[in-house]
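Student: Show me how the following folds:
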Amino acid sequence: MSRITDFLDWLRAGGQTPGTVNTRRWWITRAAGDLSPTTPETVTATQLTGWLANASWGPSTRKSALASLRRFFRWMRLAGHREDDPTALMLSITVPRHRARPTPDEALTAAFTRATSTEDRLMLLLGAYAGLRRTEIAALHTEHVHLTAAGSWLSITGKGGVTRQIPIHPALKPVLALKTTGWVFPGRFEGHRSSDAVGRRLSHLLGPGLTPHTLRHWFATTVYAGTHDLRAVQELLGHADISTTQTYIGLQSDQLEQAVASLPTAVLPVTDVQAPSMARGQ
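Tutor: Okay, here's the model as predicted:
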């Protein structure tokens, strides 16, 4: 375990976020337990490949596990604990692109109706009107909230330790202003609320099949519909890759029809443009 502890300290020293450190810890500890008594110094590429081939894991799970293994064994080699990297020849894992699943407007309205406390309402607002992840909602501190005469914004450090500035929507301002010091969602005894607790509460408010992530999809879809600025949505969501942002934006069938209908017909011969109406008249 000392190697894992040293690795986690290395991540923290490099400014990795608590969420990233916890993810790395979970996967490396899981692998060490599953592959025991093999140690990080002696485990082979074949053993790691067999472990990753867990039939019950989907592509996203495998990709997360592999990312943690690669980071750990890269550190092992840099620190002189191994001469090789057993993950070096492992294939990258492709995660199928999923369609966006924004929370339906009527479900969001119903959730706000069910929100019986200011805390519930604020969680919903932060997901829908700031696009925050559940981990970011849970860890929000008043130091991250800036309400000034010159402007209002949230400073959010997300995945990869990248900090982004999110303008505060007018609906959020009065609710955020109620909390002046400390964690916005304090824990029961100390620290802040866990991301799991926030996730469960939001899922309860939203209803079956809906999650904090569908709130982020609603935020992305709605902002894009109003601006058609994909780069702005990317910045607000904190995505490193704009292709990830594209998967968050849902389009209605009528929008797709309008997109196709917008194609110009001036380039076509007159007979081709008129052909459909002539066919109907026959």
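
Student: Quick one: end-to-end distance for stretch 221-232.
Tutor: End-to-end distance for stretch 221-232, by Cα to Cα, to the nearest Å: 12 Å.

Student: Tell me where the longest helix sits in the chain.
Tutor: helix 59-78 (DSSP state H).

Student: if I look at Gln219, how far off is Ile166?
Tutor: No Gln there; residue 219 is Phe. Distance, Phe219 to Ile166, using Cβ to Cβ, to the nearest Å: 10 Å. Yep, even glycine has a C-beta here, placed from its N, CA and C like the rest.

Student: any residues in contact with both of those two?
Tutor: The contact sets of Phe219 and Ile166 overlap at Ala130, Gly131, Leu236 (Cβ atoms under 8 Å, 6 or more residues apart in numbering).

Student: Could you verify my assumption that Val175 touches Leu124?
Tutor: No. Using Cβ atoms under 8 Å, Val175 is not in contact with Leu124, being 10.0 Å away.

Student: what about these two, which has more around it?
Tutor: Leu124 (24 against 16; other Cβ atoms under 10 Å).

Student: Now do the more buried one against Leu172, distance only.
Tutor: Distance, Leu124 to Leu172, using Cβ to Cβ: 10 Å.

Student: Without its sequence neighbours, what residue ends up closest to Ala177?
Tutor: Spatial nearest neighbour of Ala177, chain neighbours left out: Leu147 (6.0 Å); criterion: Cβ to Cβ, 6 or more residues apart in numbering.

Student: is that neighbour in a bridge, and if so with what?
Tutor: With DSSP bridges applied, Leu147 shows beta-bridge pairing to Ser152.

Student: Go ahead and confirm it touches Leu176.
Tutor: Yes. Counting by Cβ under 8 Å, Leu147 touches Leu176, with 6.9 Å between them.

Student: neighbour count winner among these two?
Tutor: More neighbours surround Leu176 than the other of Leu147 and Leu176, with 22 against 15 (other Cβ under 10 Å).

Student: For that one, give me phi and psi.
Tutor: Backbone geometry at Leu176, expressed as degrees, to the nearest 10, gives phi -70, psi -30.

Student: okay, it: pLDDT?
Tutor: Looking at Leu176, its pLDDT stands at 93.

Student: next one: Val21
Tutor: 88.

Student: Okay, the nearest residue to Asp6 once chain neighbours are set aside and Phe7: tell me how far apart.
Tutor: Residue nearest to Asp6 in three dimensions, not counting chain neighbours: Ala79, with 7.3 Å by Cβ to Cβ, 6+ apart. Relative to Phe7, Ala79 is positioned 8 Å away (Cβ to Cβ).

Student: out of the two, which sits in the busier spot?
Tutor: Phe7 (24 against 12).

Student: Return the residues in contact with the more buried one.
Tutor: The contact partners of Phe7, by Cβ under 8 Å, 6+ apart, come to Arg24, Ile28, Phe72, Trp75, Met76.

Student: How is it assigned, secondary-structure-wise?
Tutor: helix (DSSP: H, G, I helix; E, B strand; the rest coil).

Student: and which of the shared contacts of Phe219 and Ile166 is nearest to Gly191?
Tutor: Using Cβ to Cβ, Ala130 comes nearest to Gly191 of these, at 21.5 Å.

Student: so how many other residues sit close to the closest one?
Tutor: By other Cβ under 10 Å, neighbour count at Ala130 equals 23.

Student: and the residue nearest to it when sequence neighbours are not counted, what are its bridge partners?
Tutor: If the residues on either side of it in the chain are set aside, Ala130 comes closest to Ile166, at 5.2 Å by Cβ to Cβ, 6+ apart. Note on Ile166: beta-bridge partners Leu154, judged by DSSP bridges.
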